[in-house]
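*Asks:* need the 3D shape of this:
(one chain, ligands or ions: 1)
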Amino acid sequence: MLGRIEVITGCMFSGKSTELLRRLHDVDNKFILLKPMLDIRYSLDEVITHSGEKKSAFVVNNVSEIFNKVNNIKIIGIDEAQFFSHSIIEDCLKLKKLGCTVIIAGLNKDYLNEEFKSVYGLIDIADSTTKLYAICNRCKKPASRSHRLSNETSKIFLGHKDSYEPLCKKCYENVK
Ligand SMILES: [Zn+2]
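*Replies:* Next up, the predicted model:
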């Protein structure tokens, strides 16, 4: 079987995790779902979408931790890819070489509209990339920006629903 890398990206609330889980359900096969150790906002061992859907996940520091499990399972889902280090790119290429289909969801940009380099690296090597949009919280047009509503300035600040709002480019420029 030929391996494949699919990336699902966009701003917060654009439905990336929901789309990831939908694709994993669509494949008629067992799959492994991974999430980074960092993302503890809801649960240590589940991916929970903003719409409330849940799925068990392995919590790992690096994607390479599952290399020994892919003998039987050829479908790998990865959520919150922006929190993995740059090594995720090499790890996904290796999984593809092993014949795995890797489906990855991750934020393309942070609240300052700066790129998450690991996700852009994944887009570079992907066989397909899907960009999703949220709905602008102010004008209801398609939104591509994540606006942080709190004063927290660390790059990795986990997204509670009330800490961010999705905005279109124009509304984002207006509130900056
Ligand atoms: Zn707007």
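*Asks:* can we go C-alpha only for contacts and neighbour counts from here?
*Replies:* OK.
*Asks:* and the next helix or strand past the lowest-mean-pLDDT helix or strand in the chain?
*Replies:* Least confident helix or strand of the chain, by mean pLDDT, DSSP states H and E, is strand 46-48 with a mean of 68. Later in the chain than strand 46-48, the nearest helix or strand by DSSP states H and E is strand 54-56.
*Asks:* buried ones in that next one?
*Replies:* The neighbour-count check on strand 54-56 (16 or more other CA atoms under 10 Å) flags residue 54 as buried.
*Asks:* next SSE after that strand?
*Replies:* Past strand 54-56, the next helix or strand by DSSP H and E is strand 58-60.
*Asks:* partners of that following strand, with directions?
*Replies:* If you go by DSSP bridges, strand 58-60 pairs up with strand 31-36 (parallel).
*Asks:* how about the residues of the chain near the ion?
*Replies:* Residues of the chain that fall close to the ion, judged by CA under 5 Å from the ion: 136, 139, 168, 171.
*Asks:* most neighbours among those, please name it.
*Replies:* Most neighbours among those, by other CA atoms under 10 Å: residue 168, with 24 neighbours.
*Asks:* relative to the ion, how far out is the residue nearest to residue 165 when sequence neighbours are not counted?
*Replies:* Spatial nearest neighbour of residue 165, chain neighbours left out: residue 147 (5.2 Å); criterion: CA to CA, 6 or more residues apart in numbering. Distance of residue 147 to the ion, computed by CA to the ion, to the nearest Å: 11 Å.
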